[in-house]
Structure formats: C-alpha cells, structure tokens
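J.: Predicted coordinates and the sequence they were generated for:
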Amino acid sequence: MELFLGTSDLIVANTADQVILFYAPGKCHSENADLVFQHGGTLIAEDGIFFQNISFLDATQTGYLNEGNVSDKLLFEGYGVIHYYGPHIIHEAEFQKGGSLYGSSTFDILTLTPGQEYLFFGGSTQTITPGGTINGLVGVDCTDRMYLHSMVNGQPAYLYKDGADLVFNWLDVRDISVSGTAQFIANNSAVYGSSTGWTSNYQPRNLYWVNGSGNWSDIFHWEDEYGVGNQCPPTALDNVFFDQNSGLSGGGTIAVDLAATCKNMDFTGTTGNPLLLFNNSISVYGSLTLVPDMQLAMPNWVFGSTEPGCTITSGGHNLGSVQFLGIGGVWTFQDPLEADYVNHGYGTIFTNNHSVTTGNWQRYDPEAFNSYTELFLGSSTLTITGPGTQVVLFYAIGKCHSENADLIFEHGGTLVAEDGVTFHNITFLDPAQSGYLNEGNVTGKLLFEGYGAIYYFGPHIIHEAEFQQDGAFYGASTFDILRLTPGKNYIFNSYTTQTITSCGLLDAVGTSSDPIQMSSTNPGEAAIIEKNGIRLCVDWVNMSDIHKSGTAPFYAGANSTDGGNNAGWNFSACPPPTPIAELCDGIDNNCDGQIDEGLTNPSLAYLQSGLRQSRRPDHDNLDGGVPGVDSFFSVGQVKYLNRSVHICI
C-alpha cells in the first residue's frame, strides 16, 4: 500500500478521532500535505512520517501527536500532548493551552502560553536549535506566571539549546534542568527541585496572610515579613504564615482559588476558627502545621518536597486527599493522621508510631520508581475506613517497615502488596463484608469477621488465623494456629499445601448441628494439609478431597464424615496425647515452649556474640567442625567455633 497526498488537506471531522497511518517507511508521501483535526484527536503513524502542517482545532478538545514530524507548524488549540514515540522533528509548535511533552523532540520555535502549565516527562530532552527560540515565556506579572514542571517531583526533564541566550519572566520551574551554550535566564521566577543550569534572581520570602477573608490569588492578602503588602502569591520557595494578625479572629474564609504552592505552611497562633476552603489543591514543599482552631473544607494536599526534614501536624483535622509525590522527600507525622485517601507516590514516610485512619492507602507505581519510596509504620495502627477497599502496598522488598504495625479494614477489603510485607495483626472487620489477603505475612493474628480468602500470591507465613465465616485457601500458607468456625464452609485449592507447624494447631471442631465443611476447589483433585510433630485432631467435619502430608498423625474425629478422596486421615476419635521426648536439636520437640530443656547446661554451653563457647574437652569436632580449629584439647579450654552449633550434655 502507498499513499500520495500531494498538497491535499486531510481533514478529520469527528470529535477526538484517531487517525492511523501505518504505512511502510517511504510509502506515505505527506510532506507537502496538511492534516487538520477539527475537534481534537490522535495521530498514530510509522516513524519518519512528515506533514507540512498538523492542526488540532477546538479549544475544548485534546490533541495527541503519537508519531510524526512537521516541516512547518504544529498547532494545539486545546490541551496538547506529544507522546513518547519519536524523536519528533518540528519546525514550529504552538500550545495555546497547557500541554504534556513525553518524548524527546527538536524544535526551531516552541511557543507556549502564559498562565498555563507544561509537563515534561522525566529524562526526556526538548532541544531548541541554535537559531531557534521559545516564545511566550515573558509574562506581564505574577498573574501570568507559567509553570514548567517535570511529571515526577525530583526526577528532572531537560531543555537543551546552543547559540543565543533565552530570557524569561514570571516562571515557576520545578525539576527542569537546562544545558547547552545558551544561558536560560529566569527573572522573577521560582526555580526549585532538581532544576539546574538556570540563572535566577528570585529571593525566597516569608509571607503572612492579612486582611481577613479572601482568595489565595489576591495580592491584597499577602504581606512580607517587613510589612510590605500587595505581594505576589506564594511560590514553592516561600513560607506562609497565618496568625493572630491575619484578620481572622472573628472567623473568615481563605479560598484556595488556584493550584496553590508554598514551602512551609504554619497556622500557629491562628484564632477565630477560620475556614480553609479548597477549590483547588495546595502543594506543600516543606512542612505543614495546622491547629485545632480552624476548619478545612474539601481538602486536597500534595506534598512535593524532595528534601528530608519535613513534618506534618494535622491538628486533629481530616486532611481529605493526600498525595506524597517528592523523590527524596522525607515526612514525619507529628500527630495522628486522618484522611479520605492517601497516595504514597514517592519519598519516605515516618508515621512516628501515630495512628493513621484513611479511606484508602495506595502505593502503586512502576517498579522503576520503587527504590524512591519507603514507609516506616513503627507500631502505628493503619485503619482503612472505606467499604471493600483495595489497599495497594507495592513497595520494593525491604521498603515497607510494618512488622510491628496493625492493619485494620473496618468494612472488609483487599490487601495487595509486594512479597514479604509483614504486619503484626491484620483484621478484616464487618461480618457483612469479605476480606481478601492477596499478599502478606502476619506475626500476630489474621482475623476475618466476614468471608475470608487467602489468595495465590505468597507463600504466606501467619502465626494465627481465625475465620468466623466461610473461607477459601488459594495460596500456600504456613500457620501456627488456624481456627475454623462450626457450621461454615472452607475450600482449599487443589494441589496446594497448607502447612501447620510442628507445635501448631488446626482448631476445626464443629458440632452435631453445625459441622464444618472442608473440601478442595475441584472435586476429585485433592488439596493438601501438611504437619510434622504432634498429632492433628479435628471433629464434626464433613471432609472431601483433603490429603495428609507430614509425619504427624491426623485424626478426623469419630463424628466426622469421609466424603471421599481423603488420604492419610484416621476417621476415629483423637487419642490422648503421647509424651514426646525432647531431642538435642534446637527445636521444641514436646511443644512446651522450651527448647532442649533438661539437655543443655547454660553454665557450660552457651551462645556468645553469635558463636558457641564450651569448656568440655570431649566435644571434639562438633557438628562436623574442622579438627584443630573446632577441637578442644584440655579441660577448661575456651574455644570459639566458626559457626553457631548446639551443645547438649
């Protein structure tokens, strides 16, 4: 197939339509043609395709350039997106609204619009040719401020230019680094984050709210530390203060009427119970200090610091929507945190042992960014209030420190996490809601008040699990204690093993009126329960397709029903326990909570600094030790072994 467009105009009339031009290289001759999307849309094409002009019309619609080069002009009347595929070669590009630039591109002329935000993908490079320029970056004042931001806080994107210098005014530049022989001069501009290479004259300010109620964007309400009023609204480099001199002692409203930013925000000293009204978000690049004597309405916070040492004091308020989005940022909670939603995108959080209550907690991002995110829960209790909520804890291995913390789902839900995440207790409350443990280990107790399921991902290591309603065991798990409830139905995944530890307990005793149902997921295909050590006893169980594994004897009980394909079970009453002798093996053989009792004399054999020490000359070549290295030659000699061994006398 081959297309010769000549000087034709290819006009796409449908709204947000997708044009696909997958012609082989050299088979789409469009270099003198124009492509016009009348109501936004998307161009998808093979690499190397050229148009003279590409226009995405209609200011209410978004235009997407996935592939393609432009020898004259690329126009976005609405929001514009240049995607990863490329690199793109474009003579002139004009963005009349905001835009996102994912791929690396080369421009002779790049025209942006004051007052808009432009996002650049971290790691991408936008190159301006030596004779080229960037238009539109000279605003009249701070009301025309343009925002040039990397898509990820702390991960820089790049602008490159040789030749003549570029001079800008009233910019907000976050994580955009510049290079080349040209200077990038930004007057009256906040340049912060990982931005490098800029020449900027901006001096960070301490700004105070004054004159009572008003809009965040109104210069009438901002005064510097020297008492000079009519200050431009804060940037990410400026600290903001609300206090007894803010004119709010009789109440009042601070209306966030734009996407606000600041460094540190402090309400200490505020009186009158003023209202902070979020008609937009506030991005805090330092610490936040709220006080009880204030109100929040529709709160929406973004914590974007890329530096350590930040604190959050909520003052007892529900913070609403909370996002942590700064690579390198470190936040420590100063009091309990309550929120509707928490997104831990990047950075490190220390809950400082304070309780955290939220509708949802999410850590979900490509694995490439996992190393930038870490959570220290300490002994906090993380309570999830949303019904049936899926909590995602995709932290890299070793980056979610939750082993001493409790996780509570108030109305059922699902835990999705990376392998190895461990909590002290996990509780799924509400008998009317289901709980799903997809991944996770539990050193204390796992409780399902409603239907409970342990899924394939694992294996799970759980000290104690209690199922108060029906349940399912899909993934392989190891339990010290597993408690099932009379009258309930439990299915075990075929060919999958549930392990009860040698001193562990399977508490599965039904009643004559409420027997327990135990079966595999697929009739005729057995599931496996494994146990070594002391016997396993259940009763009043209707059992089918459950096979026994391990050295412990299994007793199904005299009142249980053999539904078929049960291997290794004795369907008779559980006999009295048989005393088990303790062996010299470092294991609690008789399950009395002690190891090798009566066999080890701690005055003669003990562990010191991780190595065994003995005064027994007859302990020669212990556990296969090296003669002359691990040997003893005289009474009273002290010998440190190269590894930990167990010595019984």
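T.: Here it is on my side, so go on. Numbers count the residues shown, from 1 in each chain.

J.: list the contacts for the closest residue to Thr125 other than its chain neighbours?
T.: The shortest distance from Thr125 to any non-neighbouring residue, by Cβ to Cβ, 6 or more residues apart in numbering, is to Tyr158 (4.3 Å). For the C-beta atoms, the positions are set from N, CA and C on the backbone; glycine is no exception. Residues counted as contacts of Tyr158 (Cβ atoms under 8 Å, 6 or more residues apart in numbering) are 120, 123-126, 176-179.

J.: Gly533 is in contact with Cys591, correct?
T.: Yes. The pair Cys591 / Gly533 is scored as a contact, 6.9 Å apart, by Cβ atoms under 8 Å.

J.: Between those two, which contacts overlap?
T.: 502-503, 580.

J.: wait, which of those is closest to Thr385?
T.: Cys503 (37.3 Å; Cβ to Cβ).

J.: Now the closest one: phi and psi?
T.: Cys503 has phi and psi values of phi -100, psi 10 when expressed as degrees, to the nearest 10.

J.: Format the contacts of Tyr158 as TSV; extra columns: neighbour count, secondary structure and distance to Lys73.
T.: Listed next are the contacts of Tyr158 as TSV, based on neighbours: other Cβ atoms under 10 Å; DSSP: H, G, I helix; E, B strand; the rest coil; distance: Cβ to Cβ, whole Å:
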residue	neighbour count	secondary structure	distance to Lys73
Phe120	24	strand	21
Gly123	13	coil	27
Ser124	21	coil	22
Thr125	17	strand	22
Gln126	25	strand	17
Ile176	25	strand	24
Ser177	19	strand	28
Val178	22	strand	25
Ser179	14	strand	27
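
J.: List just the nearest of these to Ile461.
T.: Gly123 (38.6 Å).

J.: check contacts around that closest one.
T.: 155-158.

J.: again with Cys232
T.: Here Cys232 is in contact with 141-142, 219, 222 (Cβ under 8 Å, 6+ apart).

J.: Of these, just the buried ones, ChimeraX syntax please.
T.: Typed into ChimeraX, the line below selects the buried ones among the contacts of Cys232, using 16 or more other Cβ atoms under 10 Å:
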select :142,222
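
J.: how deep is the residue lying closest to Thr271 once chain neighbours are set aside tucked in, by neighbour count?
T.: In space, and not counting its chain neighbours, Thr271 is closest to Ser249: 5.0 Å by Cβ to Cβ, 6+ apart. By other Cβ atoms under 10 Å, 14 other residues sit near Ser249.

J.: So Gly269 sits against Leu248, correct?
T.: No. Look at Gly269 against Leu248 with Cβ under 8 Å: they stay out of range, at 10.5 Å.

J.: which one of the two has more residues nearby?
T.: Leu248 (26 against 13).

J.: Can you tell me who the residue sitting nearest the centre point of the chain pairs with across the strands?
T.: In the chain, the centroid-proximal residue (Cα atoms, centre = their mean) is Arg363; its distance is 1.4 Å. Arg363 has these beta-bridge partners by DSSP bridges: Leu393.

J.: Same check on Leu166?
T.: Those that pair with Leu166 in a beta bridge, by DSSP bridges, are Phe184.

J.: From Asp34, how far out is Leu75?
T.: Noted for Leu75: a distance of 11 Å to Asp34, by Cβ to Cβ, to the nearest Å.

J.: Same check on Phe50?
T.: 12 Å.

J.: Same check on Gln61?
T.: 18 Å.

J.: Contact partners for Pro459?
T.: 475-478.

J.: Neighbour-wise, which one of those leads?
T.: Among these, Ser477 has the most neighbours (other Cβ under 10 Å), with 23 neighbours.

J.: Check the residue nearest to it when sequence neighbours are not counted and give its pLDDT.
T.: Spatial nearest neighbour of Ser477, excluding adjacent residues (Cβ to Cβ, 6+ apart): His460 at 4.0 Å. On the pLDDT scale, His460 is placed at 95.

J.: And for His460, the neighbour number?
T.: 23.

J.: I'd assumed Leu437 was in contact with it.
T.: Yes. His460 is in contact with Leu437 according to Cβ under 8 Å; the separation is 6.9 Å.

J.: Need the residues touching each of those two.
T.: Ile454.

J.: for the protein, what are the low-confidence residue spans?
T.: 365-370, 600-649 (pLDDT under 70).

J.: Which stretches in it count as helices?
T.: For the chain, no helices are identified by DSSP state H.

J.: mind checking the backbone torsions on the closest residue to Tyr456 other than its chain neighbours?
T.: In space, Tyr456 comes closest to Gly475 once its chain neighbours are excluded; the distance is 4.4 Å by Cβ to Cβ, 6+ apart. Per-residue torsions, Gly475: phi -90, psi 160 (degrees, to the nearest 10).

J.: and Gly475, what does it touch?
T.: 454-460, 493, 496.

J.: hmm, 7 Å instead?
T.: For Gly475, the contact set (Cβ atoms under 7 Å, 6 or more residues apart in numbering) comprises 454-460, 496.

J.: same check, this time on Lys548
T.: Counted by Cβ under 7 Å, 6+ apart, Lys548 has contacts 529, 554, 567-569.

J.: Spatially, and excluding backbone neighbours, which residue is closest to it.
T.: Gly568 (2.7 Å).

J.: Just give the number of residues close to that neighbour.
T.: 15.

J.: and if you look at Gly227?
T.: 8.

J.: for Asp108, same thing?
T.: For Asp108, using other Cβ under 10 Å, the count is 15.

J.: Was I right to think it contacts Gly132?
T.: Yes. Between Asp108 and Gly132 there is a contact at 4.3 Å, judged by Cβ atoms under 7 Å.

J.: still on that earlier bit, can you redo the contacts of Tyr158 as JSON lines with distance to Gly315?
T.: JSON lines is the format used below for the contacts of Tyr158 (distance: Cβ to Cβ, whole Å):
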{"residue": "Phe120", "distance to Gly315": "36"}
{"residue": "Gly123", "distance to Gly315": "39"}
{"residue": "Ser124", "distance to Gly315": "40"}
{"residue": "Thr125", "distance to Gly315": "43"}
{"residue": "Gln126", "distance to Gly315": "42"}
{"residue": "Ile176", "distance to Gly315": "34"}
{"residue": "Ser177", "distance to Gly315": "37"}
{"residue": "Val178", "distance to Gly315": "40"}
{"residue": "Ser179", "distance to Gly315": "44"}
